[in-house]
Every structure is written in structure tokens, then in C-alpha cells.
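>>> Coordinates for the following, if possible.
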Amino acid sequence: MELAISLILWSFMGISLLFALYIVLDDPPRESAIEQIESRSQPVKTRSPAQNENVIAGRMDQFVKAATYRQTLLPAPKNGRYSWGDTRRGLEHIQVAMEQDNFIPDIIVGLGRSGGVVGGILACLMGSLPIDLLDLHYTRKDKAYRVEFRTESFKLPEDAKKVLVIEGATTAGTTLTTASKLLADQYPGIEFRYAVLIQSEASQFTCNYYAFSERKKILSLPWHGTRSKKYLFLVRPAEETNHQSADDSPR
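Alright, predicted model coming up:
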């Protein structure tokens, strides 16, 4: 009886072993889920440590330059009256910022009369660079001013690659916005940068370079005389101006 039971147990164990060998031989080892993903994925392009350092250094340099430039803006006159001394210091500030950026324009373009004044001084400071004038014409409509450019006689040199466009002061930024669109359409292959002596905090256009950041009224500019047209308010209370638009006014 015991012999019969032993034979039955050994027979069962033998059959189980054969079945296990069959499964192992018929079904080879499978890849894990991670191995399958790795085998199917394409090689990923990665930067070398040196390349990563260069990218980080470049971004940090841009950040530091922007922060430093804002910290070194010149203090605006408390009484809103700018002098020739302020103008000279402001243009020297813009000159230094451009040279730090290694941006030396082939020509400077002044916007309107104020742009002609500050653009001419800046061109002298930077080594008597060529200068041209893009004249403005303002029309009043619905208690607001509309700016138009007189482009009939305006043409940039064919070999110009870098151009600085400059204005004396900006209020809402309408003049600079209009000029940037016009010049980009007419000269798509040229790098334009924009500068203004006095940048309004309320302006919709922020220049690449400026010397003063103004949030109050500008009461006078040194190139204006007694016969100059009344020009800009950086803050225009409705009860004071009754303007329906914050467009720039003549200067």
C-alpha cells in the first residue's frame, strides 16, 4: 500500500516538472515594462555639461543686464522740467547702454522734431553717425490726435543693417508703435531698435533704451520755446483734458 502511494506521488511530481519545463522552453523571458519603453524610445539629444553652462551663463547675463539697466536709470526732475543738462546726461546714459549691448547703428533716425534734436546729439556722441529724420504730421480728430508719417522723402541706405529710431519723449506710445510697424513692413531685413529720452510708465510701447522713467506730467523740455505747440501729458486726467484717446500730441 505504501509503495503504491509513493509511486503515485513520484509520478505526480514528474508530470509537474515536465509541465514546468515545457512552459519555460515555449515562452522565453519577457522584457520588463521599463525595458520595453527604453527599447522603443528614440535617442534623446542632450546638451553636454559645457553647453548647459553656456546657456545658463547667457541667460544670467541677460537678466543681470536688464536688472542693472533699470537700477541705473537717471532720476527724473521732481518739478517735471527737463534741462539741457538732463538731456545731455540722458543721451550719454543711452550711449553707454547701447555700447554695452554692442549695438552700434549704421544710422540714427529721429522721429519728428524732438527726435531730430536728441538724435543729432546722440549721433555726435557716438562718433558722428549718419542721421535722418522721419517727420510727423498730427491731425486732431474727436478730441484726440492722430499721427501720420511723411515718408515721401525718407529712404534708408541700402547697406543699412542696424538702425536706431529715437524720440524725445513718449506718452501713450502711439508714435513709436506706428513707426515700428511702418518701418518693419518697409524694411523687413533691418534690425531696428528704439530709444527715447523720457519713457512714460503709462506708454504701450517700451523702448530698448531710455534714460528717464516718468509717471507725472512733463512741464517743459529744453528744445521747446514760447511758440512751440503744447505737447504731452504723461498722466491725463479726464477732467483736465477731456481727451477720448491717450494718443501723443504734437511736439
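
>>> quick one, helices of the stretch 151-251 of the chain?
174-186, 238-241 (DSSP state H, counting those that start in this stretch).

>>> Please produce TSV containing those, extended by distance to residue 102.
Where you see a C-beta, it was placed from the backbone N, CA and C, and this is true even at glycine. Shown next, in TSV, are the helices of the stretch 151-251 of the chain (distance: least, C-beta to C-beta, whole Å):
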stretch	distance to residue 102
helix 174-186	22
helix 238-241	42
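
>>> ok, of these, where does mean pLDDT dip lowest?
For these, mean pLDDT drops lowest on helix 238-241, to a mean of 35.

>>> circling back to that earlier point, mean neighbour count, the helices of the stretch 151-251 of the chain: which tops it?
helix 174-186 (a mean of 18; mean count of other C-beta atoms under 10 Å).

>>> so what does it touch, helix or strand wise?
Contact here means 3 or more C-beta pairs under 8 Å, 6 or more residues apart in numbering; DSSP states H and E; on that basis helix 174-186 packs against strand 107-111, strand 144-150, strand 162-169, strand 191-200.

>>> I'd like to check the angle between the third one and strand 107-111, please.
For the pair strand 162-169 and strand 107-111, the angle between their directions (axes from the mean of the first three to the mean of the last three C-alpha atoms, to 10 degrees) equals 30 degrees.

>>> Name the residues of strand 162-169 that are buried.
The neighbour-count check on strand 162-169 (16 or more other C-beta atoms under 10 Å) flags 163, 164, 165, 166, 167, 168, 169 as buried.

>>> Report the contact partners of the residue lying closest to the last one once chain neighbours are set aside.
The shortest distance from residue 169 to any residue that is not its chain neighbour, by C-beta to C-beta, 6 or more residues apart in numbering, is 4.0 Å, and that residue is residue 198. For residue 198, the contacting residues are 76, 82, 90, 168, 169, 170, 210, 211, 212, 214, 218, by C-beta atoms under 8 Å, 6 or more residues apart in numbering.

>>> mean confidence score for stretch 189-209?
Taken as a whole, stretch 189-209 has a mean pLDDT of 93.

>>> Return the member of the buried residues of strand 162-169 nearest to residue 120.
Distance to residue 120, by C-beta to C-beta, is smallest for residue 166 among the buried residues of strand 162-169, at 9.7 Å.

>>> Now do the same for residue 53: its pLDDT.
75.

>>> Now residue 112: closest residue in space that isn't a chain neighbour?
Closest residue to residue 112 apart from its sequence neighbours, by C-beta to C-beta, 6+ apart: residue 136 at 4.0 Å.

>>> and that neighbour, bridged to which residues?
residue 149 (DSSP bridges).

>>> how about the helices and strands packed on helix 174-186 in CSV, adding distance to residue 125?
Output for these, formatted as CSV (distance: least, C-beta to C-beta, whole Å):
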stretch, distance to residue 125
strand 107-111, 10
strand 144-150, 26
strand 162-169, 12
strand 191-200, 12
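
>>> looking at those strands, which is closest to residue 180?
Nearest of the helices and strands packed on helix 174-186 (C-beta to C-beta): strand 191-200, 6.7 Å.

>>> Each with direction, which strands does the closest one pair with?
Counting by DSSP bridges, strand 191-200 is paired with strand 162-169 (parallel), strand 209-214 (parallel).

>>> Go ahead and name everything in contact with the shortest one.
Put plainly, it is strand 209-214. Taking contacts as C-beta under 8 Å, 6+ apart, the residues outside strand 209-214 that touch it are 73-76, 82, 86, 89-91, 93-94, 97-98, 164, 169, 193-201, 234.
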